[in-house]
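Participant: can't give you the sequence, but here's the structure:
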């Protein structure tokens, strides 16, 4: 399943709080979402050669539908993915010139063609793909989800440490 873990509105902070596994999965999975979303909005519709180089996956997933609805939504997810990519470089000590292949695919998109797309909806908050963990605010929902459903993944490399809010959001499993 694809997901973006909106742990803060400051996307740099969000990337620092992602567990190691989600740093990498955020780059890979959200590159798929971003390239699928632009195709749903009409990108490269007449050019099968361009489409062949893009990911197309999870077209009906709530995150993909959200990203395809409006350019602002798509740009927000792109910024999230870029921060995750920067964090990937940092955590595993990759040099600045090293680019993850999935991120390179996103960077290869033609900005002028993106601007010309017919985005069908309105800008909105990201969907809460958080199972039973719901809140009025998507960041609150993701913090609840992370603190309770992702505990088994808690590992942060280098000098990264767990988010300070984890205990506040943990719930008894009774």
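Facilitator: Arrived safely, thanks for sending. Because the structure is a prediction, the values reported are computed rather than measured.

Participant: And the helices in this structure, which stretches?
Facilitator: Counting by DSSP state H, one finds helices in the chain at the ranges 11-17, 20-40, 48-52, 62-69, 71-91, 101-107, 111-115, 138-149, 166-169.

Participant: Quick one: residues in contact with the fourth one.
Facilitator: Translated: helix 62-69. Helix 62-69 is contacted from outside by 2-4, 30, 33-34, 36-38, 40-41, 58, 73-74, 77, 119-122, 124, 126-127, 129, using CB atoms under 8 Å, 6 or more residues apart in numbering. (Each C-beta comes from the backbone N, C-alpha and C, glycine too.)

Participant: Please point out which parts of it sit buried.
Facilitator: Buried residues in helix 62-69, counted by 16 or more other CB atoms under 10 Å: 63, 64, 65, 66, 67, 68, 69.

Participant: Quickly note the distance from the fifth one to residue 80.
Facilitator: Distance check for residue 67 against residue 80: by CB to CB, to the nearest Å, it reads 10 Å.

Participant: and if you look at residue 106?
Facilitator: To residue 80, residue 106 is 11 Å away according to CB to CB.

Participant: Those two: which has the busier surroundings?
Facilitator: residue 106 (23 against 20; other CB atoms under 10 Å).

Participant: Now a PyMOL select for only the buried ones of the contacts of helix 62-69.
Facilitator: Applying 16+ other CB under 10 Å to those, the buried members can be selected in PyMOL as follows:
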select buried, resi 2+3+4+30+33+34+36+37+38+40+41+58+73+74+77+119+126+127+129
